[in-house]
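Asks: got a sequence here, can you build the structure:
(chains A and B)
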Amino acid sequence: MSAPILEIRDLSVGYQTERGYLQALRNVSFTVPEGKIIGIVGESGCGKSTLISSIIRLLAPNASIGNGAILFKGQDLLGLSPGDMRFLRGNEISMVFQDPMTSLNPVLTIGRQMADVQHRSGASYIGKRSRSLMMLERVGIPDPASQLGRYPHHLSGGMRQRVAIAMALMTEPSLLIADEPTTALDATLEVQIIARLRELQRDFGCSILFISHHLGVIAELCDEVIVMYAGEVCESGSTREVFLGPRHPYTQRLLECDPARIPQRTRHLPVIEGSLPDLVDVPRGCIFRERCAHSMARCATERPGLSAGLHLSACHLPDLAS
Amino acid sequence: MSALLAVRDLKVRYPLPGGFPFRAGGKPSWVDVVHGVSLDIERGETVAIVGESGSGKTTLAMALCGLAPVLGGEVRLDGRVLERDRNHRLNPDRKRVALMFQDPVGSLSPRMTVRRLLAEPMRIHGVDSRDPGREASRLLSLVGLGEEFSNRYPHQLSGGQARRVGVARALALSPDLLIADEPTAGLDVSIQGEVLNLLSRLQQDMGLGILIITHNLNVVRHVADRMAIMYLGRFVEQGDSQQVFSRPRHPYTAALLSANPSPDPDAQLDRVQLVGEIPSLLHRPPGCEFHTRCPRARERCTASFPGLTGAAGEQAFNCHFPMD
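Replies: Okay, here's the model as predicted:
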């Protein structure tokens, strides 16, 4: 196995709120191996956004990192000075955000923004321009030369997102973080973007951390998947294993609820009963206990750890799938 | 008996920003966003409209509620034409059509409590309600929210709860037709199920006609009786949803349906690839408007607009060379 690009160890992050300390992430650990696409799936409030904000250190002012380490190529990001961190962002770690309309500057041309991203390269204006053209071509933008003089509002949503991807890959980062990059797009464009990301990942050899709540997209794109619930990792493993043989009851329910997996047309769609636990006053024991159909006495007192192996699950039930 | 909603050849035209710099070079000063749409909805029936962004889905919904400038065509509700009177006010039938907006939180005023939000439609339409508070709790219980929500502000609601308040607000005037614009966008799978179940329960109880606008095909497959596929402001295909899913005739429908990402990592995907970008509404392609991206386009497609072809059942499509 190759050395991991990113390793998260025992990370806990919380927010100071009016009601008290909200524990948004609790003891999260996982690794992103080199050249792999890792998907993070989970519902709103599961801590996906807090997790990426902690990796790139753009947390809200009221957030604090309790414990843990974020190792990027063996170096703990939490120990870096803001200046060193700023150097890493963009060069080594870059990001594609959910909404391409708000992540691009509306008053600057595409060409200007793409040149600005190359600020550190020290290349000449001509050099930056030709590199921008090459990147736009790589992401499949037709007639790139004329696009450089246009503004973001001239482009369609799919084209904007491709420009954002081109900009993120411009500095050839080792890690690309994509935060729900296809949520704002339609099915046809979604598929185009996924195919493009896969192709670019192969060419550039970077690792991708792909965040989504769309199970279909994860299944198509990712090599491995991490399932999160209420600030904890509840299952992780290869996409195939997790989707075909989910071990954690939450993953099972989540997959059952996806209308795409219900072949028979039904008027009554399944739902996960109950609601997310209060993360200010985190319940003892298993975090999913209140909504779980298999909970037992042990679940109320003891928090299940992640099992060992390649396909991990944080549940007391031994091999639910079999 | 006439259909609950009957739309005939509806056209919506928006003016473009005027003035010299924008209109120089002989560019048109308007854009046809909805370009001749006909549709029927019966009581108790769910019809879905699917299509890419910018195809005119939302504008169509707005036009049905009198919120967009209608250029031509007519909208009939129970056989009566829905139109503006001399004072530009919509006739009383207007309150029988309710719209659920796309953005659940953004469509609720941040300065009103849920109780006031629910009473607002009644106040505007002058529906006498002796006890607005009681009416608000009745609506809340209808959508499965507790009494305690009536004093909350929109920012204190989760996405799913805000959605439910949106449903309750749409039901405040007991409409016959509910138009739901992207009712599940941005919701997690389990909450998405809750909202859709709620809609289908209300439909059963109240005999509502529902028009769902979405680009989530899995939702369409489960809830819609009939579906229409929209491209550049026109329907390219429409019909019974099971029939359309099993045998799409228009190449665009086929491409759209095959682009649905499958949550099975082993799925063998046989996709109809579309090339190019959606053309601009300002420069509609001649002939069949889809020919610029169509894998089956031939010479005839660039020259003549394909008329409506009817197929088995209620399926109908606009294509010279339909899929088998």
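
Asks: low pLDDT regions in the stretch 101-250 of chain A?
Replies: In the prediction, the stretch 101-250 of chain A carries no residues with pLDDT under 70.

Asks: tell me if whichever helix or strand B:V31 is part of is near chain A.
Replies: Counting by DSSP states H and E, the element that carries B:V31 is strand B:30-41. No. With C-beta under 8 Å from any C-beta of the partner chain as the measure, strand B:30-41 is seen stopping short of chain A, the closest distance being 15.0 Å. Where you see a C-beta, it was placed from the backbone N, CA and C, and this is true even at glycine.

Asks: elements contacting that strand?
Replies: Strand B:30-41 sits against strand B:5-15, helix B:57-64, strand B:70-77, strand B:209-213, strand B:234-240, with contacts defined as 3 or more C-beta pairs under 8 Å, 6 or more residues apart in numbering or on different chains; DSSP states H and E.

Asks: check which element follows it along the chain.
Replies: Next helix or strand after strand B:30-41 toward the C-terminus (DSSP H and E): strand B:46-50.

Asks: that following strand: partners in the sheet, and parallel or antiparallel?
Replies: Based on DSSP bridges, the strands next to strand B:46-50 in the sheet, each with its direction, are strand B:209-213 (parallel), strand B:226-231 (parallel).

Asks: now those strands in CSV, please, with extra columns for mean pLDDT and mean neighbour count.
Replies: What follows is the strands paired with strand B:46-50, written out as CSV (pLDDT from 0 to 100; neighbours: other C-beta atoms under 10 Å in any protein chain shown):
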stretch, mean pLDDT, mean neighbour count
strand B:209-213, 94, 24
strand B:226-231, 94, 24
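
Asks: now render those strands as JSON lines, adding distance to B:L99.
Replies: As requested, those are arranged in JSON lines below (distance: least, C-beta to C-beta, whole Å):
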{"stretch": "strand B:209-213", "distance to B:L99": "9"}
{"stretch": "strand B:226-231", "distance to B:L99": "17"}
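
Asks: look up the pLDDT of the closest residue to chain A within the stretch 1-150 of chain B for me, please.
Replies: With C-beta to the nearest C-beta, the shortest gap between the stretch 1-150 of chain B and chain A falls at B:E52, namely 4.4 Å. The confidence metric pLDDT takes the value 81 at B:E52.

Asks: likewise for B:F22?
Replies: Per the predicted model, pLDDT is 54 at B:F22.

Asks: with A:T31 instead?
Replies: Residue-level confidence at A:T31 comes out at 93, pLDDT.

Asks: residues in contact with the closest residue to it other than its chain neighbours?
Replies: If you skip the residues right next to it in sequence, A:T31 has A:P4 as its closest partner in space, 4.1 Å away by C-beta to C-beta, 6 or more residues apart in numbering or on different chains. The contact partners of A:P4, by C-beta atoms under 8 Å, 6 or more residues apart in numbering or on different chains, come to A:31-34, A:71.

Asks: as a markdown table, the residues you listed with secondary structure and distance to A:G237 would be great.
Replies: Putting those into a markdown table (DSSP: H, G, I helix; E, B strand; the rest coil; distance: C-beta to C-beta, whole Å) gives the following:
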| residue | secondary structure | distance to A:G237 |
| --- | --- | --- |
| A:T31 | strand | 13 |
| A:V32 | strand | 14 |
| A:P33 | strand | 13 |
| A:E34 | coil | 18 |
| A:L71 | strand | 21 |
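
Asks: quick one: which of the residues you listed is most hemmed in?
Replies: Counting neighbours by other C-beta atoms under 10 Å in any protein chain shown, A:V32 comes out on top of the contacts of A:P4 with 23 neighbours.

Asks: all helices of the chain, in order?
Replies: Because you didn't say which chain, this covers chain A. Under the criterion DSSP state H, helices of chain A are mapped to A:48-55, A:82-91, A:100-103, A:110-117, A:125-138, A:144-147, A:157-169, A:187-204, A:215-221, A:239-244, A:249-257, A:297-301.

Asks: not quite, go with chain B.
Replies: B:20-23, B:57-64, B:114-124, B:132-142, B:159-171, B:189-206, B:217-223, B:241-246, B:251-258, B:299-303.

Asks: B:V34 is nearest to which of the ones you listed?
Replies: When those are compared by C-beta to C-beta, helix B:57-64 sits nearest B:V34, at 5.2 Å.

Asks: now render the helices of chain A as CSV, adding distance to chain B and mean neighbour count.
Replies: Putting the helices of chain A into CSV (distance: least, C-beta to the nearest C-beta, whole Å; neighbours: other C-beta atoms under 10 Å in any protein chain shown) gives the following:
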stretch, distance to chain B, mean neighbour count
helix A:48-55, 11, 21
helix A:82-91, 27, 14
helix A:100-103, 11, 17
helix A:110-117, 15, 19
helix A:125-138, 14, 16
helix A:144-147, 11, 16
helix A:157-169, 6, 24
helix A:187-204, 4, 19
helix A:215-221, 3, 24
helix A:239-244, 5, 20
helix A:249-257, 5, 22
helix A:297-301, 20, 13
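
Asks: phi, psi for the residue of the stretch 151-300 of chain B found nearest chain A please.
Replies: At 3.2 Å from chain A, B:P261 is the closest residue in the stretch 151-300 of chain B, using C-beta to the nearest C-beta. Main-chain dihedrals, B:P261, degrees, to the nearest 10: phi -60, psi 130.

Asks: pull the contacting residues for it.
Replies: In this structure, B:P261 makes contact with A:187, A:190-191, A:194, A:214, A:216-217, A:219-220, A:260, judged by C-beta under 8 Å, 6+ apart.

Asks: what about it, distance to B:G276?
Replies: Counting by C-beta to C-beta, to the nearest Å, the gap between B:P261 and B:G276 amounts to 21 Å.

Asks: before we move on, what about B:M227?
Replies: B:M227 sits 25 Å away from B:G276 when distances are taken as C-beta to C-beta.

Asks: could you report the neighbour count for residue 172?
Replies: This is for chain A. Other residues lying near A:E172 total 11 when counted by other C-beta under 10 Å.

Asks: actually chain B
Replies: 25.

Asks: now it. Nearest residue, chain neighbours left out?
Replies: Setting aside the residues directly before and after it, B:A172 is nearest to B:P121 in space (C-beta to C-beta, 6+ apart), at 4.4 Å.

Asks: which ones are touching the one you found?
Replies: Under the criterion of C-beta under 8 Å, 6+ apart, the neighbours of B:P121 are B:95, B:127, B:169, B:172-173.

Asks: mind putting those into TSV with pLDDT?
Replies: Formatted as TSV, the contacts of B:P121 follow (pLDDT from 0 to 100):
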residue	pLDDT
B:K95	82
B:V127	75
B:R169	91
B:A172	87
B:L173	87
